[in-house]
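Student: with the input below, show me the fold.
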Amino acid sequence: ETESGGYQRRLFANDAARGFAFIDLYRERYDVVVMNPPCGEASFLSRKYLENDYSAHKTELLACFVSKGLFALSERGLLGVLSSRTMLVHATCEALRIEIGKRHGSLRLFADLGYGVLDAAMVEAAAYIIEHGRDVINRSVFISLLKDEDKDHGLLFAVNQLQIGKRDNRTSICFLNSFNGLFRFPWAYWLPPELLACFSRFDHMEKQFARVRVGSSTADNFRFLRLSWEVERNSLGVNRADTFHSRKWVALAKGGEYWPLYDDIHLTINWANDGVEVSRSTGSTIRSPNDYFLGGCTYPYRTTSAFALRALPEGAIFSDGGPAIIPQSGKNQDRWTLLCYCNTRIARYFLEVFLGEGDAVVSGSAARNYIPRAVGAVPIPDLSMSPFPDSSIKAWYHTAISPWRENETTRVFASFVHKYSGTIKETSKNNYMTYLKGVEDALRASWTCEQKIAELFGLTNEALNLIRESCGCHPYEYHSKEVDSKKVVELYELHINE
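Tutor: Predicted structure coming up:
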């Protein structure tokens, strides 16, 4: 027993020595720390610890590790990180970006790598160096490799160019405090000064023009939701008073596919007695009820497609999957103005600042969450000074809604054939030509609106070229000459004859 007890005491002494050595190691401050931290939410068992010790970063493990790494540095020490590019714009790293940019350090270098770096993991990666200290220079070098297939060669070339005092088109040099006025303080290094200035020169949407709101969630859609054609016509309500009587089913906007300007609202919700039953259901949430039934605009909250604003008719309510934008004036004209502005490439480009551009080499993309606060932070010019022409708006909207008028399950169904003339073949041909003319008118109207917006923002050709490079060309820019209508008819008839 004595011999056994002595052995246990020696083991305990060794463990204690290692423990104290670790504490000494923890107290040290280092000139260089290198890490490849995890990202995402913490495990359930570690959440309480993170809430107590890393309350500002508790929702993102990456932010916790980087914050701890900065704490372990000596003055002017360097932290090297290889991680996901979550740090760049994501909401969960906002507090850390502020900490780095305004308080405890400086971002020296940020290499935006994209996919194909972290082995087989489908994660967009980034490598960056942060210097610790209160008096360091707040100028940062960003190198974008999102368009490079050979990222190793691209990064090496860009760094070698910097070493000899040159800069290639991958490299941007920014002051982090230039992003202070942006929602959530993203490191939007790809923004040229002209476009960055728009966020300070113009009011954002929610301050000047409209309010962006999230709606209700039932937590039991199978119980409360129905397709519009599943309920009786005389049970559809269009205001609060209707729901206290027999008209308890109300149109519900709940996201949908990519359809700018118009998308059929195909769902209804049991909103009896102004939603009392829904509000009493376990897990349900009613948000922004004062904005229900007013009309305005709506959009899909989560989508892999571009931002697409569409009309929200009066008498409808909106959900967490289909937030609403309500004009502050309540005027119908302002709703049309919002529809036109938000469906331009310029507005979409500004919105992407809060989401972050992705890898341009790998096909496909992750779904984006278009949160209301980000949408409301998009800058908007004073559109009352130069309103959109009514003819342009109506032409654009008429073409957007026309496919739905031929679908008998939609709210706006009119008929299968707009105009009957002669034989079936002639009718089909004439309707098709009418549709092509409508598409051309809509593209022209969209192009007119976009030019008007560019003029109000005072954008130069250089800025417009950058937007074109990021969002693609406008379809009307391909319209270099008049359409040969006879040739179109010949091709169409050839298809029918075959």
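Student: my guess is residue 162 contacts residue 155, does it?
Tutor: No: contact between residue 162 and residue 155 fails when scored by CB atoms under 8 Å: they sit 10.9 Å apart. Placement of C-beta: from N, CA and C, glycine included.
Student: neighbours around residue 343, how many?
Tutor: Other residues within reach of residue 343, judged by other CB atoms under 10 Å, total 23.
Student: correction: the previous question concerned residue 367.
Tutor: 10.
Student: also residue 403?
Tutor: Using other CB under 10 Å, residue 403 has 13 other residues around it.
Student: how would you label it: helix, strand or coil?
Tutor: Secondary structure, DSSP: H, G, I helix; E, B strand; the rest coil: residue 403 is helix.
Student: ok, now residue 118?
Tutor: Judged by three-state DSSP, the three-state class of residue 118 is coil.
Student: residue 474 contacts residue 447, correct?
Tutor: Yes: taking contacts as CB under 8 Å, residue 474 lies within contact range of residue 447: 5.8 Å.
Student: the longest strand in this protein is where?
Tutor: In the chain, assigned by DSSP state E, the strand with the most residues is strand 73-84.
Student: how about the spatially most central residue of the chain, phi and psi?
Tutor: Centroid-nearest residue in the chain: residue 370, 4.0 Å away (criterion: CA atoms, centre = their mean). Torsion angles at residue 370 (phi, psi; degrees, to the nearest 10) stand at phi -90, psi 80.
Student: residues contacting it?
Tutor: The contact partners of residue 370, taken as CB atoms under 8 Å, 6 or more residues apart in numbering, are 299-303, 307, 323, 351, 355.
Student: could I get those residues in TSV, plus columns for pLDDT, secondary structure and distance to residue 454?
Tutor: As requested, the contacts of residue 370 are exported to TSV (pLDDT from 0 to 100; DSSP: H, G, I helix; E, B strand; the rest coil; distance: CB to CB, whole Å):
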residue	pLDDT	secondary structure	distance to residue 454
299	95	coil	22
300	95	coil	26
301	93	coil	28
302	89	strand	29
303	86	strand	25
307	92	coil	18
323	96	coil	27
351	92	helix	16
355	81	coil	22
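Student: including neighbour count, could those residues go into CSV?
Tutor: Formatted as CSV, the contacts of residue 370 follow (neighbours: other CB atoms under 10 Å):
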residue, neighbour count
299, 26
300, 25
301, 22
302, 12
303, 17
307, 21
323, 26
351, 19
355, 16
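Student: the residues you listed: which two are farthest apart?
Tutor: Across the contacts of residue 370, no pair lies farther apart than 323 and 355, at 15.1 Å, counting by CB to CB.
Student: now do the buried residues in stretch 306-315.
Tutor: Neighbour counts over stretch 306-315 (16 or more other CB atoms under 10 Å) mark 306-313, 315 as buried.
Student: return the item of those residues having minimum pLDDT.
Tutor: Among these, residue 306 has the lowest pLDDT, at 87.
Student: the residue lying closest to that residue once chain neighbours are set aside: which element?
Tutor: Distances taken as CB to CB, 6 or more residues apart in numbering put residue 348 closest to residue 306, at 5.7 Å, once the chain neighbours are dropped. Using DSSP states H and E, residue 348 falls within helix 345-352.
Student: work out the sheet partners of the helix or strand following that helix and label each with its direction, please.
Tutor: Under the assignment DSSP H and E, the closest C-terminal helix or strand after helix 345-352 is strand 368-369. Counting by DSSP bridges, the strands paired with strand 368-369 are strand 302-303 (antiparallel).
Student: quick one: residues in contact with the strand it pairs with.
Tutor: For strand 302-303, contacts defined as CB under 8 Å, 6+ apart pick out 255, 258, 321, 367-370.
Student: any idea which helix or strand comes after it?
Tutor: Downstream of strand 302-303, the first helix or strand assigned by DSSP H and E is strand 310-312.
Student: how many neighbouring residues does residue 194 have?
Tutor: By the criterion of other CB under 10 Å, residue 194 has 14 neighbours.
Student: could you report the distance from it to residue 452?
Tutor: Separation of residue 194 from residue 452 (CB to CB, to the nearest Å): 18 Å.
Student: also residue 398?
Tutor: Per CB to CB, residue 398 is found 19 Å from residue 452.
Student: pick out whichever of the two has more residues nearby.
Tutor: Between residue 398 and residue 452, counted using other CB under 10 Å, the more crowded position is residue 452 (20 against 16).
Student: now residue 346. Nearest residue, chain neighbours left out?
Tutor: Distance criterion CB to CB, 6+ apart; nearest residue to residue 346, sequence neighbours excluded, is residue 453 at 5.1 Å.
Student: what helix or strand is that neighbour on?
Tutor: Using DSSP H and E, residue 453 falls within helix 424-457.
Student: list the buried ones in that helix?
Tutor: Those would be 429-431, 438, 440-443, 445-450, 452-454, 456-457, for helix 424-457 by 16+ other CB under 10 Å.
Student: what packs against that helix?
Tutor: Secondary-structure packing of helix 424-457 (3 or more CB pairs under 8 Å, 6 or more residues apart in numbering; DSSP states H and E): helix 332-342, helix 345-352, helix 390-401, helix 485-497.
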